[in-house]
Each structure stands twice: as C-alpha cells, then as structure tokens.
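With the input below, show me the fold.
(2 chains)
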Number of protein chains: 2
Amino acid sequence: MTGVEILGYSAGFITSLTFLPQVVKTWKEKSAKDISLLMFVIAAINEVMWIAYGILKDDWVIISTNVVVLIMSCIMIFLKLRYNNAKN
Amino acid sequence: MTGVEILGYSAGFITSLTFLPQVVKTWKEKSAKDISLLMFVIAAINEVMWIAYGILKDDWVIISTNVVVLIMSCIMIFLKLRYNNAKN
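Now for the predicted structure:
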C-alpha cells in the first residue's frame, strides 16, 4: 500500500465517522430542532452519486467511505423527523 | 470530458453544497444547541486530509469540492460557538 493510499483510507475512515457525533448527540438529547433536514437529504442523494463514481473509477476508498456516510445520513433523516420538535 | 468525470464533478458540486442548508438555517435562526461541534471539527480536519489526497492523486474533483466544504465547516464551527445557547 502506498503513502497516498494510506492517506486516502485514513481520510475515508475519518469521513465515515464525521456524522457519528451528530447521530450520538441527537440520539441522546432527542432534540433535532436546529438540524437541517435538507442537509442530510442532499447528503444521502450525494452519497449514492459518490458510490457510483467510486464504482466507475474502481476506487474502494470512495466506495466504502460513502456507503457508511449514506447509512449515517439515513439515520439522521430518521432522527430529524422523529425529534424535530425539541422538548426543551 | 468523460461521463465518469461529469458524474464526479456533479457529485463534487453537490457535496460542496451539502453544508449550505445548515449554514443558512443556523445563520437565520441563531440557534445551534442541537448541532454537534465535534462533527464540524472532525469535518474540517478531514477536509484538509482530502485536499492533500486530491493534490497527490491530481484529482481536481476532490480538491475543489473539499476546499468549499472546509470553508463551510469553519463557518459552522463559528456559528456553533456563537449561537450554542438557543434563545428559545
């Protein structure tokens, strides 16, 4: 594995974790009033495009990263719809 | 420009817009209580890694996309710190 590939996989791994703190925060606090639904809808559609791009370029950094982010985005859409009206 | 490149640039363009609805919502509502600061800090660090990866792979889809997302992430960190305590 080259240095570039190590950097790419490291970057991809961190990207896949990017939405996780938001998922955990929203899950715990059960409040999503300040969250933009549109952001996560755009993200989900966009991940599908990136997965297709990764497949066409045979780039597993892009494919694997975006599959995880797609799942996170779908969870955030669910949490936003469920906890849109904050209790506090 | 090939079909793959068109897909990549389209995906990159949409990625660069992903955080925009959140920036606009937080800017207008002046409330960021439900936003995860950690998410945008991770995103900002991660964008720097992706920009380096894009430079090393000479991939302008990756470079240009992540420069815009880095700027958006920095704006969100600023807005989160400024509007962390919601008025309502």
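
How about residues contacting the longest helix along chain A?
Longest helix of chain A, by residue count under DSSP state H: helix A:60-82. Here helix A:60-82 makes contact (C-beta atoms under 8 Å, 6 or more residues apart in numbering or on different chains) with A:5, A:8-9, A:11-13, A:15-16, A:18-20, A:22-23, A:26-27, A:32, A:35, A:37, A:40-41, A:43-44, A:47-48, A:50-51, A:53-55. (Each C-beta comes from the backbone N, C-alpha and C, glycine too.)

Mind checking which of the residues you listed are buried?
Neighbour-count burial within those applies to A:8-9, A:11-12, A:15-16, A:18-20, A:22-23, A:26, A:32, A:35, A:37, A:40-41, A:43-44, A:47, A:50-51, A:53-54; the criterion is 16 or more other C-beta atoms under 10 Å in any protein chain shown.

Just give the nearest non-adjacent residue to residue A:41, would you?
Here the nearest residue to residue A:41 in space, its sequence neighbours aside, is residue A:77; by C-beta to C-beta, 6 or more residues apart in numbering or on different chains that works out to 6.4 Å.

For residue B:10, see how far away the one you found is.
Applying C-beta to C-beta, to the nearest Å, the value for residue A:77 to residue B:10 is 22 Å.

So which of the contacts of helix A:60-82 sit within helices?
Under the assignment DSSP H, the contacts of helix A:60-82 contribute A:5, A:8-9, A:11-13, A:15-16, A:18, A:20, A:22-23, A:26-27, A:37, A:40-41, A:43-44, A:47-48, A:50-51, A:53-55 to helices.
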